[in-house]
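*Asks:* give me the fold of what follows.
(one chain, ligands or ions: 2)
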Amino acid sequence: MTRLHTVRQSVPAVIGLAVQMPGQPDAEIEHSLTELAELLKTLGARMVGSLIQKRSGPSRSNYFGTGKIEEVKLKAEELGAKYIAVDDELSAMQIKSLEAGTGLPVKDRTSIILDIFAAHASTREGKLQVELAMHQYQLPRLLRMWTHLERQRGGIGLKGPGETQLETDRRILNIKIKKLQEELDRVSRARELQGRKRNDRFAPLFSLVGYTNAGKSTLLNALSGSSVQMCNGLFTTLDPTARRVELPEGHWCIVSDTVGFIRKLPHGLVSAFKATLECVIQSEVMLIVCDVSDPQFREHLAAVDEVLNQIGASDHERIYVFNKIDKGISVSEELLAAAYPDHIMISAAEGTNVDRLKRMIEKIMRRNRRHVEIYLPVGSPYVGEAMTIGRIFSQEWGEGEVKIKAELPVSFIKLLTDNNLKVEPMER
Ligand SMILES: Nc1nc2c(ncn2[C@@H]2O[C@H](COP(=O)(O)OP(=O)(O)OP(=O)(O)O)[C@@H](O)[C@H]2O)c(=O)[nH]1
Ligand SMILES: [Mg+2]
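*Replies:* Numbers count the residues shown, from 1 in each chain. Ligands and ions are numbered 1, 2, ... in the order given. Next up, the predicted model:
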């Protein structure tokens, strides 16, 4: 008889720690710990308990006060925790003394996020970005890591004259970082060039931006009728995905999905992901997707703003797309309308108001486009480009010249006039 064995994978139990600073509401700290539990779940671990200490700030040497560390140790033993997760970014010293005090490995929020990114990165560029951010995270923490590096090194990276072990390690890591940066630049440039080749230099681009799990990929699928991976976990999408979206009045545009943001997103990750976030800056308008059924949505929007500041997109035009209204909204719509005049309420999962959003996009596109008659030499590369990106009303092929009546992006019209090509307002 054949027996089927169910192999139960052991899910490591973890204790979460957070410091609550004066004036910080209980709800905020609890939500942040719930989010830490979600992050751990995405990594395949389970947060079985948590401890919060009220302090003016994390202790520089131990994170928690020494007395409280004893409590952490007892609780970890009681709950069978395999490691400790701290809801902040820690220094090498804090990690070392927490590990010594509790006898358990310690991971901070940054390294947990980095691990998730590492597990989800699928393209060469994504992998390089994560690797770069991980090395940048390690650099100031080398004190703790050097024995590990020593083992890895083998024959290379010989100590320079008068260098301490730490200096040697730092030098090696700095060289690796520089190499990764160079390679990343190369890969990102190649992607950009490929994009250009696809003739979408002037294609109308809209970007989906927002907190992780807000429903960006679900919305991209609803808009384009395609199937981008979506999942109820954090950071499902790491690599920029773009889809063509057909609009009700005959226009089309490209909508790009981007990596989700989160509170305390490691700074190194934001800078490493700058190239893939370029599409946000290049887009006509950012569609800020927000799960408005989540009572924490304002904090999520604040975290999104923070990242947008870091990538220099804070002044970019935006529409707030309040998603998941099928789950109910946590504030009144009047309040939302007052605070966010350019907004729309949708359910990406159920398709509610997705057509309205398309019409909003089309309205913006019309604003940035003109009806013109252009005269191009036959064989000019601009003919093909105009056909691809414009809404064409008519074309007349004459001797050596083609006259096209079309609706074209202002940026494309400028390119034509800069090249002394004839452009006239369209007679209707
Ligand atoms: N009830 C409800 N669930 C939704 C809606 N939109 C998305 N979801 C769910 O929310 C979860 C996250 O959706 P995704 O589209 O993967 O979110 P995302 O913003 O792309 O997330 P990341 O790529 O991880 O940043 C999935 O389980 C979706 O099914 C909605 O309108 N209503
Ligand atoms: Mg996604």
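
*Asks:* mean confidence for the longest helix seen in the chain?
*Replies:* Using DSSP state H to define each element, the chain has its longest helix at helix 165-197. Average pLDDT, helix 165-197: 83.

*Asks:* and the pLDDT at residue 237?
*Replies:* pLDDT for residue 237: 67.

*Asks:* any idea how far the residue lying closest to residue 55 once chain neighbours are set aside lies from ligand 1?
*Replies:* Distances taken as C-beta to C-beta, 6 or more residues apart in numbering place residue 19 nearest to residue 55, at 5.4 Å, with adjacent residues excluded. Heads up, the C-betas are built off the backbone N, CA and C, glycines and all. Here residue 19 is placed at a distance of 27 Å from ligand 1 (C-beta to the nearest ligand atom, to the nearest Å).

*Asks:* average pLDDT for stretch 131-150?
*Replies:* The model assigns stretch 131-150 a mean pLDDT of 73.

*Asks:* thinking again about what came up before, show me what the longest helix of the chain is packed against.
*Replies:* In terms of contacts (3 or more C-beta pairs under 8 Å, 6 or more residues apart in numbering; DSSP states H and E), helix 165-197 is packed against helix 124-138, helix 142-153.

*Asks:* doesn't residue 216 make contact with residue 260?
*Replies:* Yes: look at residue 260 against residue 216 with C-beta atoms under 8 Å: they come within range, at 6.8 Å.

*Asks:* packing partners of the strand or helix carrying residue 386?
*Replies:* Counting by DSSP states H and E, the element that carries residue 386 is helix 381-389. Applying 3+ C-beta pairs under 8 Å, 6+ apart, one finds that helix 381-389 contacts strand 369-377, strand 401-409, helix 410-418.

*Asks:* got the buried residues for the helix or strand hosting residue 49?
*Replies:* Taking DSSP H and E as the definition, one finds residue 49 inside strand 46-54. Buried residues in strand 46-54, counted by 16 or more other C-beta atoms under 10 Å: 47, 48, 50, 51, 52, 53.

*Asks:* what are the phi and psi values at residue 368?
*Replies:* Note on residue 368: its backbone torsions stand at phi -100, psi 20 [degrees, to the nearest 10].

*Asks:* export the helices and strands packed on helix 381-389 to TSV and append columns for mean neighbour count.
*Replies:* Listed next are the helices and strands packed on helix 381-389 as TSV, based on neighbours: other C-beta atoms under 10 Å:
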stretch	mean neighbour count
strand 369-377	18
strand 401-409	19
helix 410-418	15
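
*Asks:* which one of the ones you listed lies closest to residue 133?
*Replies:* With C-beta to C-beta as the measure, helix 410-418 is the member of those nearest residue 133 (33.0 Å).

*Asks:* what packs against the next helix or strand after the closest one?
*Replies:* Later in the chain than helix 410-418, the nearest helix or strand by DSSP H and E is strand 422-425. Packing partners of strand 422-425 (3+ C-beta pairs under 8 Å, 6+ apart): strand 369-377, helix 410-418.

*Asks:* output the below-cut-off pLDDT ranges for this structure.
*Replies:* 1-9, 143-163, 193-201, 227-240, 428 (pLDDT under 70).

*Asks:* run a quick neighbour tally on the residue in it that ligand 1 sits nearest to.
*Replies:* Proximity of the chain to ligand 1 (C-beta to the nearest ligand atom) peaks at residue 260, 2.3 Å away. Neighbours of residue 260 under the rule other C-beta atoms under 10 Å: 25.
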